[in-house]
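Engineer: heads up, no residue letters with this:
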């Protein structure tokens, strides 16, 4: 295993709003209504998918750089606990950095919250160290590149385009993942998530290690095929 591991997650609502108590439903509706004053498209689906107590993980994609290749693997499906248990085993052997794009604010804490929900003890104590303004053990490419200035940050797709990195946003986007999940379009979901990981690794390699870009033809997706 390499001395680094990049990862990205895809999430969906864990349950319908109506499955919660009336008290919880009312609180959530109030939160959604407040958000809709600024963003009319904000709804329960978005709220739950981005909240570790109301969402669940359907895919974790991982990757690392090996020579001139980016090697990728995904854990996915309906059984969140099984996904997290296997990811936890992978993390056990990682002594280097965990790499992500905005993962310090979303992916890593979401994973830890869902692990707590399933009573899974993190196998790697370093994974729990979510210190801000630090690049070890978590290297958040977005926050490091923009020096933790939220006023300047760009999305992964835009930053990738500016640096000539193949965009991961061509076939699917975050707001369409839930519908793809309902349609059991696992191949699309996995490819989208793995492409995010490859893009993040390529940016990390270029922006912080000053290495040449790795061509899309050298992305080794989990299905064994090349892009």
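Structural biologist: Structure's in. What do you need? Note that this is a predicted model, so its numbers are computed, not measured. Numbering: from 1, shown residues only.

Engineer: From now on I want contacts and neighbour counts done on CA atoms only, so please keep to that.
Structural biologist: Noted.

Engineer: chain center to the strand ranked longest in the chain, what's the gap?
Structural biologist: Once the chain is assigned using DSSP state E, the strand that runs over the most residues is strand 55-66. A distance of 7 Å separates the centroid of the chain from that of strand 55-66, by Cα atoms, centre = their mean, to the nearest Å.

Engineer: and after it, which helix or strand comes next?
Structural biologist: strand 69-76 (DSSP states H and E).

Engineer: quick one, that following strand and strand 55-66 angle?
Structural biologist: Here strand 69-76 points in a direction 160 degrees away from that of strand 55-66 (axes from the mean of the first three to the mean of the last three Cα atoms, to 10 degrees).

Engineer: follow-up on the earlier one: give me the sheet partners of the longest strand of the chain and which way each runs.
Structural biologist: Strand 55-66 has the following strand partners under DSSP bridges: strand 4-13 (antiparallel), strand 69-76 (antiparallel).

Engineer: Report the mean confidence score over the last one.
Structural biologist: Across strand 69-76, the average pLDDT comes to 97.

Engineer: got a list of contacts for it?
Structural biologist: Residues outside strand 69-76 that contact it (Cα atoms under 8 Å, 6 or more residues apart in numbering): 58-65, 83, 86-87, 186, 190, 194, 197-198, 201, 214, 218-222.

Engineer: Need the strands paired with strand 55-66 in CSV (columns: distance to residue 130).
Structural biologist: Listed next are the strands paired with strand 55-66 as CSV, based on distance: least, Cα to Cα, whole Å:
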stretch, distance to residue 130
strand 4-13, 15
strand 69-76, 23
